[in-house]
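>>> here is a sequence together with a model predicted from it:
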Amino acid sequence: MGDSKRENIHLIEKIKEHGELIAALASGLIILLAWRMESTGLSTAAVIAYLTAFFIGGYAKAKEGILDTIENKNLNVELLMILAAIGSVIIGYWTEGAILIFIFALSGALETYAMNKSHREISSLMNLQPEEAWLVRGGFEPIKVVVSSLKVGDHVLIKPGERIPVDGHIFKGTSSIDESAISGESIPVSKTMGEEVYAGTVNLNGTITVNMTKPKSESLFQKIITLVQSAQSEKSPSQQFIERFEGTYVKFVLLAVMLMLFLPYFLFGWDYTTTFYRAMVLLVVASPCALVASIMPATLAAISNGAKNGILFKGGVHLEHLSVLKLLALDKTGTLTAGTPVVTDVIVRDSLNEHETIATLASIEAQSNHPLAQAIAKYAKEQNIHPTQGVEIEDIPGWGLKANIQDSTYLVGKPDFVGKDEAVQFADHAAKKLSGEGKTVIFLKDQEGIAALVALKDIVRDEAKQAVKLLKELGIHVTMLTGDNKKTAKTIAAEAGVDEYIAECLPETKVNHVKGYLAKYRNIGMVGDGINDAPALATATVGIAMGGGTDVALETADIVLMKNDLSKIAYAVSLSKKMQRIVKQNIIFSIAVIALLIISNFLQIVDLPFGVIGHEGSTILVILNGLRMLKS
């Protein structure tokens, strides 16, 4: 019964969310029914049906227009469309008035739907913040409390696998911390006493106690949420221009209609019936129906085209911005690279059998959930090397692994853990070379010394190089922003072929760099896949997320590459340029038709039927032209 109630509530919420769209489609069906009634002679029933369609389709936009006019003390297109529809009714053209309402209601519903989806990333971010924490007080047992009740100076216990709830310093213990939510770096960072940890990151293996140093409202994770909210509240230049144009257009048309109601009667001697008739025709032919249709069908067709090619656009405005892109900033981890480390080099001591040594190492690493360990275990499996069973290991958080295999002791980890001097002596030149290539080097030590070293690296995607090349051919400057160190960033940048790179970026610094690029290039894109990329994605003119990324990145971004194929960005840019050409053609054509109809109406050359045919005919033509965007 409870599940049924939840389902009903969910259904009601869905209906409310898509209420405008349902109302618009319902009005369209009623218009078809009314037209059928009218054609069969049921005039009274048709009028009732038309009035119903007017109310259902026009209610939301009429309410929005009236409230907006009262609040901002400025006229808008919503009011003009309602008046145009009423004008059609006054001169007996119910169908035309209803269609005007339907088209405008449908476009408004689609805009509302897109806007609602664009704000969901805040809830996705909030879900990643722990609501409860283990508070430690003296020698007493830890108690579970809500995070909001914690204050600076409190000690918080974080167990393995838990997400860290606060910003602070490690007071006790050592562990490996997954900081990909903050830095974007896929390889966990070893942390020990005195080192800083951040809310939203994940404690992988050791139990640690953290001394809280910042209130929840000032944590780095909370700053990410604030940055996303701030970036999304800023209106684009195009949006501001449209809003200014809207008020001017409505005032001009209403003024022209008011003048048409009286001036011809006094200046040209028209009788009042003719004067009123021409004023109503002007209100109909001057309505922006064709202008609205100039953009929406082409935009929807382009969005459908993109979807069929693995590109999800969250709105037409992003297509517009993409067509004038000057710079594209790329995140490294999970975007240019695969996001998971892979084994690139293995060097084994001359006296040992390589196959057996890799099997021993894989046997140890298979017991750990550390990404590097999992990468080594996967490498062994790919080489058809099977690890032995019955291995006893001890995880030394922040250092490495200690294992016992058949009375032999092994150490796996970094030089400081296995023995720095021995590690330096073993393949010294090779280790330096591998580190210089941005690779992480792991050593295996047995009772006789260093047995082997393994180099791992987050490799560049095959399609990433091609994508960068295509973007540069389109005249787009390509840069890489990463939380990695400069050495690794330099290596990846060279492999990918980007124009420049910036290393050691935190979410705040990524946003600052994006703002700097905006000031220089005006129209820039940002591609990312992690929580740490969310603020930069929201700040950029166009935010592009990888389909395999985090929910936050997907919700924040304006465009999502569903198949993680970076080369699709170049296709999306070409698609947007074609759409802009078609939109410009439509706008010029529709404005020209409106101008011609207005002049013809003033000269009494065109009557209402031909005015409607010209007006609605131009609308159909621009829709058909826009549908050309469905072709690849």
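Nice, I can see it.

>>> check whether residue 194 sits in a helix, strand or coil.
For residue 194, the secondary-structure state derived from DSSP: H, G, I helix; E, B strand; the rest coil is coil.

>>> you'd agree it is up against residue 169?
Yes - applying CB atoms under 8 Å as the test, residue 194 and residue 169 come out as touching, 5.9 Å apart. Glycine gets a C-beta too; all of them are placed from N, C-alpha and C.

>>> who has more neighbours, these two?
Taking other CB atoms under 10 Å, residue 194 and residue 169 do not tie; residue 169 has more neighbours (14 against 9).

>>> so who does that one touch?
Contact criterion CB atoms under 8 Å, 6 or more residues apart in numbering gives 194-197, 210-211, 213 as the residues in contact with residue 169.

>>> mind doing that once more with 6 Å?
Taking CB atoms under 6 Å, 6 or more residues apart in numbering as the contact definition, residue 169 lies against 194, 196, 211.

>>> phi, psi for the residue lying closest to residue 213 once chain neighbours are set aside please.
Using CB to CB, 6 or more residues apart in numbering and skipping residues adjacent in sequence, the residue nearest residue 213 is residue 168, 4.6 Å away. Dihedral pair for residue 168: phi 180, psi -170, per degrees, to the nearest 10.

>>> what's the burial count for residue 168?
Taking other CB under 10 Å as the criterion, the count of residues near residue 168 is 26.

>>> how about it, what does it touch?
With contact set as CB under 6 Å, 6+ apart, residue 168 has these partners: 210-213.

>>> let's go with 8 Å and repeat that
156, 196-197, 210-214.

>>> which non-adjacent residue is nearest the most centrally placed residue in the chain?
Closest residue to the average C-alpha location of the chain: residue 557 at 1.2 Å, with CA atoms, centre = their mean. Nearest non-adjacent residue to residue 557, counting by CB to CB, 6+ apart: residue 545, 3.4 Å away.

>>> quick one: contacts of the host helix or strand of that neighbour?
Using DSSP states H and E, residue 545 sits within strand 542-546. Around strand 542-546, the neighbours that count as contacts under CB under 8 Å, 6+ apart are 318, 321-322, 325, 334-335, 523-529, 533, 536-537, 553-554, 556-561, 564, 569.

>>> can I get that strand as CSV, trimmed to CA atoms?
Only the C-alpha atoms of strand 542-546 are listed here, as CSV (Å, rounded to 0.1, in the frame of the first residue of the first chain):
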residue,chain,number,x,y,z
VAL,A,542,28.9,25.9,-23.0
GLY,A,543,29.4,23.0,-20.5
ILE,A,544,30.0,19.6,-22.1
ALA,A,545,29.9,16.4,-20.0
MET,A,546,31.1,12.9,-20.8
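
>>> pLDDT on stretch 60-80, on average?
Average pLDDT, stretch 60-80: 76.

>>> ok, stretch 309-321 next?
Averaging the model's pLDDT scores along stretch 309-321 yields 75.

>>> any idea how far residue 449 is from residue 351?
The spacing between residue 449 and residue 351, counted by CB to CB, to the nearest Å, is 10 Å.

>>> neighbour count: these two, which is higher?
Comparing residue 449 with residue 351 by other CB under 10 Å, the one with more neighbours is residue 449, at 13 against 7.

>>> that one pairs with what?
residue 446 (DSSP bridges).

>>> my guess is it contacts residue 426. True?
Yes - taking CB under 8 Å as the contact criterion, residue 449 and residue 426 are neighbours in contact, 7.1 Å apart.

>>> which residues are common contacts for these two?
With CB under 8 Å, 6+ apart as the test, residue 449 and residue 426 both reach residue 349.

>>> how about low-confidence regions in the stretch 451-600 of the chain?
By pLDDT under 70, the weakly predicted segments of the stretch 451-600 of the chain are 530-532, 547-556, 562-564.

>>> just the strands in it please.
Here the stretch 451-600 of the chain has its strands, by DSSP state E, counting those that start in this stretch, at 477-481, 500-502, 524-528, 542-546, 559-561.
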